[in-house]
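**Q** have a look at this prediction, sequence included:
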Amino acid sequence: MGVLLHRLSYSLLLQGSAATLTKDLLGAFDEVCTRFYSAEIIVAVGYLHDLGIIHRDLKPENILLSEDMHIKLADFGTAKLLNSSQNIGEKKKNSFVGTAQYVSPELLTQKLSSKSSDWWALGCIIYQLRAGRPPFQCGNEYQTFQKIIKLEYTFPKGFPDKEKVLVENLLVLDPEKRYTYDDLINHPYYDGIDFQNLHLQTPPKLMIYLPSNVPGQPGIYEEVNVCIKKFKIKNTF
C-alpha cells in the first residue's frame with residue numbers, strides 16, 4: 001500500500017460500545033466530513049486487505065466512532081481470510097454474506113467475494129453519506145438485489161460531482177474494473193489528505209444536512225451536536 005498504518009488507531013473491534021457513523025445521525029454529511037471519514041474507511045479496509053482479509057459486511061452500522069471521533073471497523077463475523085493467491089475472488093462461496101443494500105453484484109450472481117467487494121460497499125457508503133440513504137433500497141431484499149445486479153440507481157438532485165465520480169467508479173459491475181486502494185488514495189478528491197498520518201489528525205466537526213421547511217429554499221448544514229439538542233428539545237413537548 002505504501003502507507004504506514006498505525007495498528008492502534010485502526011484497531012479492529014470484535015465487540016464494544018461506540019456511536020456508529022450514521023445510525024444516530026439525521027441527514028447527509030457535508031463534503032469535509034465525507035472526505036475525512038471515507039478516507040479513514042479506505043485506510044482501515046486497505047489495512048485489512050494487506051493482512052489478506054476481506055470484511056464482506058461493510059456498512060455504516062459496522063463503522064464505529066471512538067471517543068476521539070476516529071473510526072473503528074466492527075463485526076468480523078463474516079470476514080474471510082484469503083489465500084495468498086486470491087485477490088479478485090477465485091474461490092466460490094456457498095452461502096450469502098453481507099447486508100442487502102451493500103452486497104456486491106458478483107456475490108449475488110457468482111457467489112464470489114473479494115477485496116473488490118469491499119470497495120463496492122465503500123461506494124454505497126459514500127453515496128449514503130452524501131444522499132442520506134443507500135443507492136439500492138427497495139421494499140424487500142429480492143427487489144434490492146435486482147437493482148444491484150442491473151446497476152439501477154440514480155443520484156438525487158444536487159449530488160456533488162466530486163463524490164459522484166467516486167461512486168460511479170466504485171459501483172461497477174465488473175469487480176476488476178472498480179477503483180482499487182491505489183486509485184482511491186491518488187484520486188484528486190483526496191488531494192491534501194495525509195493518509196499516512198490520518199490517525200493523528202483532529203476529525204472535523206460532524207456537519208449534517210437539514211432540508212428547508214420552506215418550499216423552494218435550500219437546506220443548511222449544521223453541527224450534529226446542535227441538531228441533536230434541537231431534536232431533543234422539540235420532542236419534549
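**A** Everything's here; your move.
**Q** output the below-cut-off pLDDT ranges for the protein.
**A** Within the chain, the stretches with pLDDT under 70 are 1-27, 84-96, 208-237.
**Q** for it, which segments count as helices?
**A** Shown for the chain, the helices assigned by DSSP state H span residues 31-50, 105-110, 115-131, 141-149, 161-170, 181-185, 224-234.
**Q** count of residues packed around Lys162?
**A** Counted with other Cβ atoms under 10 Å, the burial measure for Lys162 works out to 14 neighbours. Heads up, the C-betas are built off the backbone N, CA and C, glycines and all.
**Q** which residue packs closest to it, ignoring adjacent ones?
**A** The shortest distance from Lys162 to any residue other than its chain neighbours is 5.1 Å, reached at Tyr189 (Cβ to Cβ, 6 or more residues apart in numbering).
**Q** correct me, but the one you found touches Leu166?
**A** Yes. Taking contacts as Cβ atoms under 8 Å, Tyr189 lies within contact range of Leu166: 5.9 Å.
**Q** these two: which is more packed in?
**A** For Tyr189 and Leu166, the more surrounded residue by other Cβ under 10 Å is Leu166, and the numbers stand at 23 against 18.
**Q** I'd like the distance between Thr202 and Asp68.
**A** With distances taken as Cβ to Cβ, to the nearest Å, Thr202 is found 8 Å from Asp68.
**Q** gap between Ile148 and Ala100?
**A** Applying Cβ to Cβ, one obtains 8 Å for the distance of Ile148 from Ala100.
**Q** who touches both of the two?
**A** Phe136 (Cβ atoms under 8 Å, 6 or more residues apart in numbering).
**Q** now for Asn197, how many residues are close by?
**A** Counted with other Cβ under 10 Å, the neighbours of Asn197 add up to 12.
**Q** same thing with Leu107?
**A** Count around Leu107 with other Cβ under 10 Å applied: 22.
**Q** ok, now Thr180?
**A** 15.
**Q** and if you look at Gly139?
**A** Using other Cβ under 10 Å, the number of residues around Gly139 comes to 7.
**Q** ok, now Gln143?
**A** Residue neighbour count, defined by other Cβ under 10 Å, stands at 13 for Gln143.
**Q** now the one 5 residues further on
**A** Applying the criterion other Cβ under 10 Å, we find 26 residues in the vicinity of Ile148.
**Q** before we move on, what about Arg130?
**A** Around Arg130 there are 26 other residues, counting by other Cβ under 10 Å.
**Q** please apply the same query to Phe159.
**A** Neighbours of Phe159 (other Cβ under 10 Å): 15.
**Q** my guess is it contacts Ala131. True?
**A** Yes. Contact status for Phe159 versus Ala131: in contact at 6.2 Å, counting by Cβ under 8 Å.
**Q** out of the helices of the chain, flag the one nearest Glu61.
**A** Smallest distance to Glu61 across the helices of the chain (Cβ to Cβ): 10.6 Å, for helix 115-131.
**Q** sorry, back to before: the helices of the chain: which one's closest to Pro60?
**A** Nearest of the helices of the chain to Pro60, taken as Cβ to Cβ: helix 115-131 at 6.2 Å.
**Q** which residues touch Gly98?
**A** 56-57, 78, 104, 107, 113, 117, 121.
**Q** need those in TSV with distance to Val172, can you?
**A** Written out in TSV, the entries for the contacts of Gly98 read as follows (distance: Cβ to Cβ, whole Å):
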residue	distance to Val172
Arg56	18
Asp57	20
Thr78	22
Ser104	10
Leu107	14
Ser113	15
Ser117	12
Ala121	13
